[in-house]
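A.B. asks: Only the shape, not the letters, is given here:
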Ligand code: ZN
């Protein structure tokens, strides 16, 4: 399986990092070795001193597809989970300055937290899925799928022009504003609506 991540999909997050609004989705990938599940602790890697959380809605692909049109895209996913795209922001900024790929800053081991369960989309209000990240009991990021620049269906259509989607692939759909550093002993709890999706410690 592969993990496809979308950058710059919420206007408020684009503004906080002084990035440009994209004409089409910004895509990068993480390998399967980046997955962190089952509320296991996240260990801050020694190559970063500015390790940021990015909470994101995550789609799970249900069937193989290539060149999917937006109007049929909803047939290819049926549930949504919650994840964190951990980012070594200091390293990412160095790579961006040099025009180099981001993988070392975003695709390292255990950088892709994913909830153990996924919620069927027919149980959620379409295009208004609220989610948030609390750190030590205080809300630090909150988002709503209705505020995405590119919708789920537009993302699936664009991604599948370049990459065949396979059953079990995950799509991290971008983060809203409020990204920031984590520190040792932080407790991270992610919610979709009022449902607790993950709860783990930073070590
Ligand atoms: Zn992200």
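C.D. replies: Looks like it arrived, so ask away. Just so you know, these numbers come straight off a predicted model, no measurement behind them.

A.B. asks: If the residue of the chain found nearest the ion is in a bridge, with which residues?
C.D. replies: Closest residue of the chain to the ion, CB to the ion: residue 85 (3.4 Å). For glycine as for every other residue, the C-beta is placed from the backbone atoms N, C-alpha and C. Counting by DSSP bridges, residue 85 is bridged to residue 112.

A.B. asks: and it, how many neighbours?
C.D. replies: Residues within reach of residue 85, counting by other CB atoms under 10 Å, total 27.

A.B. asks: Show the contacting residues for residue 8.
C.D. replies: Taking CB atoms under 8 Å, 6 or more residues apart in numbering, we find residue 8 in contact with 14, 19, 20, 21, 22, 26, 149, 174.

A.B. asks: If we use 10 Å, what do you get?
C.D. replies: 14, 17, 19, 20, 21, 22, 25, 26, 149, 150, 174, 175 (CB atoms under 10 Å, 6 or more residues apart in numbering).

A.B. asks: Hmm, the third one is touching residue 13, no?
C.D. replies: Spelled out, it's residue 19. Yes: taking contacts as CB atoms under 10 Å, residue 19 lies within contact range of residue 13: 8.3 Å.

A.B. asks: what do those two both touch?
C.D. replies: With CB under 10 Å, 6+ apart as the test, residue 19 and residue 13 both reach residue 7.

A.B. asks: Have a look at those two and say which one is more surrounded.
C.D. replies: Higher neighbour count among residue 19 and residue 13: residue 13, with 22 against 13, using other CB under 10 Å.

A.B. asks: Could you count how many residues lie near the closest residue to the more buried one other than its chain neighbours?
C.D. replies: Counting by CB to CB, 6 or more residues apart in numbering, residue 13 lies nearest to residue 177, which is 4.8 Å off, once chain neighbours are set aside. Number of residues near residue 177 (other CB under 10 Å) recorded here: 17.

A.B. asks: Can you verify residue 104 is assigned to a helix?
C.D. replies: Yes: counting by DSSP: H, G, I helix; E, B strand; the rest coil, residue 104 is located in a helix.

A.B. asks: Skipping adjacent residues, who's closest to it in space?
C.D. replies: Nearest one to residue 104, counting by CB to CB, 6+ apart, is residue 91 at 6.0 Å.

A.B. asks: So what does the one you found look like in phi/psi?
C.D. replies: Backbone torsions for residue 91, taken as degrees, to the nearest 10, come to phi -70, psi -40.

A.B. asks: And for residue 122?
C.D. replies: phi -70, psi -10.
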